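>>> predicted model and sequence follow; I will ask about them next.
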Amino acid sequence: MVHQQELHLNTARHGEMHDLTHRVSEVVRATGVTTGIVNVFAVGSTAAIGCIEFEPGLEMDLPANLDRLLPPGRDYAHEQAWHDGNGHAHLQATLQGQSLTLPIADGKPVLGTWQQVFFLECDIKPRHRTVVVTVYGE
Ligand code: ZN
């Protein structure tokens, strides 16, 4: 069977991370799927999804290091075209990735003990975000 549903969240600032592990696990549990895959996708071109150990150090390190790789204020062509100040946000989201697919086993997404699903806000202003969760399996 296939089940799809949206999660919604509000973000306040660039670099804000949310732990989605519980919400994604709850979607999977509610479907009754025991073996399959779950895909988690951030809608919008300035938000990222991935796995990390969700702890306060890495919650600072990931956005800080993306800012080092792709800092705000660089002379991005996106800025020359749109003047919206978020060229780095688009590039950070693309580099990190905007979706994640996990196996489902025993009715749960397969994750290590220190491995959580995160959402990362890359944009520079508060946003209302939609994450689409698709569960496929039996
Ligand atoms: Zn833009």
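Structure received. Residues are numbered from 1 along each chain as shown.
>>> spit out the contact partners of residue 134.
Taking Cβ atoms under 8 Å, 6 or more residues apart in numbering, we find residue 134 in contact with 2-4, 38-39, 41. All C-beta atoms are positioned from the backbone trio N, CA, C, and that covers glycine.
>>> cool, and residue 1?
Per Cβ under 8 Å, 6+ apart, neighbours of residue 1: 31, 33, 136-138.
>>> return the closest of the residues you listed with respect to the ion.
Proximity of those to the ion (Cβ to the ion) peaks at residue 136, which lies at 32.1 Å.
>>> list the buried residues for the strand or helix carrying the closest one?
Per DSSP states H and E: residue 136 is located in strand 127-137. The neighbour-count check on strand 127-137 (16 or more other Cβ atoms under 10 Å) flags 127, 129, 131, 133-137 as buried.
>>> was I right about residue 50 contacting residue 98?
No: Residue 50 is beyond contact range of residue 98, at 9.2 Å (criterion: Cβ atoms under 8 Å).
>>> so residue 67, which of the three states?
Secondary structure for residue 67, judged by DSSP: H, G, I helix; E, B strand; the rest coil, is helix.
>>> quick one: neighbours of it, just the number.
Close neighbours of residue 67, defined as other Cβ atoms under 10 Å, add up to 15.
>>> need the contact list for it.
Neighbouring residues of residue 67 by Cβ under 8 Å, 6+ apart: 15, 88, 92.
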